[in-house]
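**Q** Sequence and predicted structure are below.
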Amino acid sequence: MAGMPHDLFLATSIPPALELALAERFQLHRDDAPPSTRAIVGGGMMTVDQALLDRLPALEIIAVHGVGHDRIDREAVAARGIRIAITPDALTEDVADQAIALWLAVERRVAANDRAMRMGNWTVPLGRRASGRRIGIFGLGRIGQAIARRAEPFASEILYTARSAKPVSWRFVPDPAQLAAESDVLILAAPGGADTHHLVDAAMLDRLGPEGVIVNIARGSLIDEEALIAALEAHRIAGAGLDVFAEEPDVPYALRRMNHVVLAPHQGSATREARAEMAAMVVANLEAHFAGREPPGLLD
């Protein structure tokens, strides 16, 4: 990348260490991208639409600090030959850990009991046994498989729904509604986007049933949040562990006040180790592209 540094647009906030690394290599723009912009960097919730693309005739690559890309207009990007690079594997293990942590926190009332203890209470309601549950996973990519491996010691059975059956020992269930009906715990690990928008609606929650727990570490758009609140308030499901929400950072008060719900502020990849690896991979993706090589995190 000799000569004048390429113009790079920061579409969202990013960790300071990554911004510093990029500033050493590129001319950064935060508020508005000039037409000479050749790269965009942002988190998985950044929006890249046709209007932005029209303003950036020189754009060559979108480097995502994460794995989410459902707010990028893939069709418009492909038509221009613009690359999308993500940071797979860097966050897989940590997001999978978060899914299991949220589930166990719901079953054993970890957050609710902590609040009770801090208020001076010792007597609390009983929790629920985690072992021996049928655990259904919607989405069996890298993260879904990492969740399944962690869940196996707890589970009487692991079930999953994906676009097609995988070469794994867990049971494939082609229909998401059937997955919910056959699961005690439903963990969402699928991408966002039109295909999965409000996939979990009132009917699907009713299939999960009054003993069922739902965990979402994917995208808030997968769940009809109003339907979820109604099901939780009526105890038509037993609880929820949520790391993502429909309108982040806004979390409905109804969810915040329920003791059978455990909440986290989109922290799946929020470990020092994951964020360092993600930042390094963003830089590696950009450097490979501008050196004429295929970025290691190139999205298919």
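**A** Structure received.
**Q** Without its sequence neighbours, what residue ends up closest to the residue sitting nearest the centre point of the chain?
**A** Centrality entry for the chain: nearest residue to the mean C-alpha point is Ala218, 3.3 Å, by Cα atoms, centre = their mean. Nearest residue to Ala218, sequence neighbours excluded (Cβ to Cβ, 6 or more residues apart in numbering): Leu188, at 4.5 Å. (Glycine included, C-beta is placed from N, CA and C.)
**Q** what about Glu211, how many residues close to it?
**A** Using other Cβ atoms under 10 Å, Glu211 is surrounded by 12 other residues.
**Q** Distance check, it against Leu186.
**A** Taking Cβ to Cβ, to the nearest Å as the measure, Glu211 falls 12 Å from Leu186.
**Q** cool, and Met117?
**A** If you measure Met117 against Leu186 using Cβ to Cβ, the figure is 29 Å.
**Q** Against which helices or strands is the longest helix anywhere in the chain packed?
**A** Counting residues, the longest helix found in the chain (DSSP state H) is helix 272-290. Of the remaining helices and strands, those touching helix 272-290 by 3 or more Cβ pairs under 8 Å, 6 or more residues apart in numbering; DSSP states H and E are helix 16-23, strand 37-43, strand 61-65, strand 83-85, helix 92-107.
**Q** just the ones you listed: most buried one?
**A** strand 61-65 (a mean of 25; mean count of other Cβ atoms under 10 Å).
**Q** Name the residues that touch that one?
**A** Among residues not part of strand 61-65, those counted as contacts by Cβ atoms under 8 Å, 6 or more residues apart in numbering are 12, 14-15, 18, 38-44, 46, 48, 72, 77, 82-87, 278-279, 282, 285-286, 289, 295.
**Q** what's the answer for stretch 79-91, then?
**A** 53, 59-67, 69, 72, 74, 77, 142, 268-269, 274, 277-278, 280-282, 285-286, 289, 295-299.
**Q** Would you double-check that Asp206 falls in a strand?
**A** No - the assignment for Asp206, made by DSSP: H, G, I helix; E, B strand; the rest coil, is helix rather than a strand.
**Q** I'd assumed Arg236 was in contact with it.
**A** Yes - under the criterion of Cβ atoms under 8 Å, Asp206 makes contact with Arg236 at 6.1 Å.
**Q** The chain: helices as residue ranges?
**A** Going by DSSP H, the chain shows helices at 16-23, 50-55, 74-80, 92-107, 110-118, 142-151, 176-182, 202-208, 225-233, 253-256, 272-290.
**Q** Let me know the angle separating the fourth one from helix 272-290.
**A** What separates the directions of helix 92-107 and helix 272-290 is an angle of 140 degrees, with axes from the mean of the first three to the mean of the last three Cα atoms, to 10 degrees.
**Q** Perfect, I'm done here.
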